[in-house]
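Q: What follows is a protein structure lacking sequence information:
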């Protein structure tokens with residue numbers, strides 16, 4: 001895998017971010033290649049984050065996990081929020097701004113190749129268009145896998161990342177059948193609320209907090225979730241919290257109370273009961289499934 005220093009990467013990366021994680025696979029892709037993943041990362045935008053580009057070496061796809069902002073692609077503006085994905089070409093005039101009151105956290109992937117424009121159109125994200133995705137948690141999971149594998153130095157890293165990249169594009173393409181139509185404002189509102197829970201489950205605790213964060217009535221959130229998800233928003237939130245907690249316990253181990261605190265539970269006993277109701281086992285039992293070493 002290609003390694004580059006911080007000074008070499010400075011022209012490609014924003015300096016207005018904190019807690020960023022990056023990977024670099026191939027900064028000199030061959031023109032004859034059909035589709036090559038070059039680099040990517042996850043960035044926590046600072047409140048003053050702003051990007052203004054008239055050119056960039058590669059095609060880029062960006063995906064917002066949380067926070068708010070806006071993007072202008074060749075003069076056309078789009079609001080940004082959780083679950084929004086957009087793409088641009090090396091020659092697209094691109095301006096990105098975060099809301100300083102709610103800074104964005106976002107992933108980006110840079111890639112090159114002759115088949116890129118057609119592939120982006122096929123998955124419903126042609127250059128210059130921003131799109132809300134339904135499968136927010138699934139796409140985020142694949143992006144996290146990509147980031148982890150991209151940072152490894154194994155001989156198969158590029159091939160593994162290429163497979164994960166194609167999986168992510170397929171996930172985006174698959175949401176076409178789930179995307180709201182212009183005549184379905186209720187479904188569009190549901191998808192926004194669902195994406196909000198996916199992105200901010202750790203800090204959300206009640207239906208009222210979900211509704212307040214989404215700027216809608218609590219009764220409306222309940223109605224949308226019953227209609228489109230077949231469950232209540234609180235039940236969906238609890239399952240999301242317990243999935244995050246399970247991942248933490250398996251990957252990091254530690255005390256159950258630490259996992260409880262991570263997903264907003266002050267009482268470990270209450271957390272253990274909620275965890276068992278979702279997963280069927282106590283959180284302490286999950287520690288046995290941690291990988292050795």
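A: Sure, I can see it. As the structure is a prediction and not an experimental result, all values here were calculated from the model. Numbering: from 1, shown residues only.
Q: List the beta-bridge partners for residue 130.
A: Going by DSSP bridges, residue 130 is paired in beta bridges with residue 86.
Q: doesn't residue 273 make contact with residue 282?
A: No: look at residue 282 against residue 273 with CB atoms under 8 Å: they stay out of range, at 9.2 Å. (Glycine included, C-beta is placed from N, CA and C.)
Q: Ends of stretch 224-243, what's the gap?
A: 22 Å (CA to CA, to the nearest Å).
Q: now do stretch 29-39
A: 11 Å.
Q: got it, and stretch 40-52?
A: So stretch 40-52: terminal residues 19 Å apart, CA to CA.
Q: what's near enough to touch residue 208?
A: residue 218 (CB atoms under 8 Å, 6 or more residues apart in numbering).
Q: again with residue 73
A: 86, 88, 92-94, 127-130 are the contacts of residue 73 under CB under 8 Å, 6+ apart.
Q: Same check on residue 141?
A: With contact set as CB under 8 Å, 6+ apart, residue 141 has no partners.
Q: what's the spacing between it and residue 228?
A: 21 Å (CB to CB, to the nearest Å).
Q: What sits closest to residue 57 if chain neighbours are left out?
A: Distances taken as CB to CB, 6 or more residues apart in numbering put residue 90 closest to residue 57, at 6.3 Å, once the chain neighbours are dropped.
Q: those helices in the stretch 51-200 of the chain, which residues are they?
A: 116-122, 136-150, 157-174, 185-200 (DSSP state H, counting those that start in this stretch).
Q: Span of stretch 23-36 from start to end?
A: With CA to CA, one end of stretch 23-36 sits 14 Å from the other.
Q: if we can go back for a sec, kindly present the helices of the stretch 51-200 of the chain as a markdown table, with separate columns for mean pLDDT and distance to residue 106.
A: Compiled in a markdown table, these are given as follows (pLDDT from 0 to 100; distance: least, CB to CB, whole Å):
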| stretch | mean pLDDT | distance to residue 106 |
| --- | --- | --- |
| helix 116-122 | 92 | 18 |
| helix 136-150 | 85 | 10 |
| helix 157-174 | 90 | 14 |
| helix 185-200 | 84 | 11 |
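Q: Distance to residue 242 for the ones you listed - can I get that in CSV?
A: As requested, those are exported to CSV (distance: least, CB to CB, whole Å):
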stretch, distance to residue 242
helix 116-122, 35
helix 136-150, 13
helix 157-174, 23
helix 185-200, 13
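Q: Of the ones you listed, give the one that comes closest to residue 72.
A: helix 116-122 (18.5 Å; CB to CB).
Q: In the closest one, which residues are buried?
A: 116, 119-120 (16 or more other CB atoms under 10 Å).
Q: ok, so what distance separates residue 221 from residue 15?
A: Distance from residue 221 to residue 15, by CB to CB: 38 Å.
Q: Between these two, tell me which one has more neighbours.
A: residue 221 (24 against 8; other CB atoms under 10 Å).
Q: Now do the helix or strand hosting that one and helix 185-200, the angle between them.
A: Assigned by DSSP states H and E, residue 221 belongs to helix 218-228. Between helix 218-228 and helix 185-200, the angle comes out at 100 degrees (axes from the mean of the first three to the mean of the last three CA atoms, to 10 degrees).
Q: I'd like to know which elements helix 218-228 is packed against.
A: helix 185-200, helix 207-214, helix 233-252 (3 or more CB pairs under 8 Å, 6 or more residues apart in numbering; DSSP states H and E).
Q: Now do that helix against helix 233-252, angle only.
A: Using the same axes, to 10 degrees: helix 218-228 against helix 233-252 is 70 degrees.
Q: quick one: buried residues of helix 218-228?
A: Those would be 218, 221-222, 224-225, 228, for helix 218-228 by 16+ other CB under 10 Å.
Q: That helix to helix 207-214, inter-axis angle?
A: Here the directions of helix 218-228 and helix 207-214 differ by 90 degrees (the same axes, to 10 degrees).
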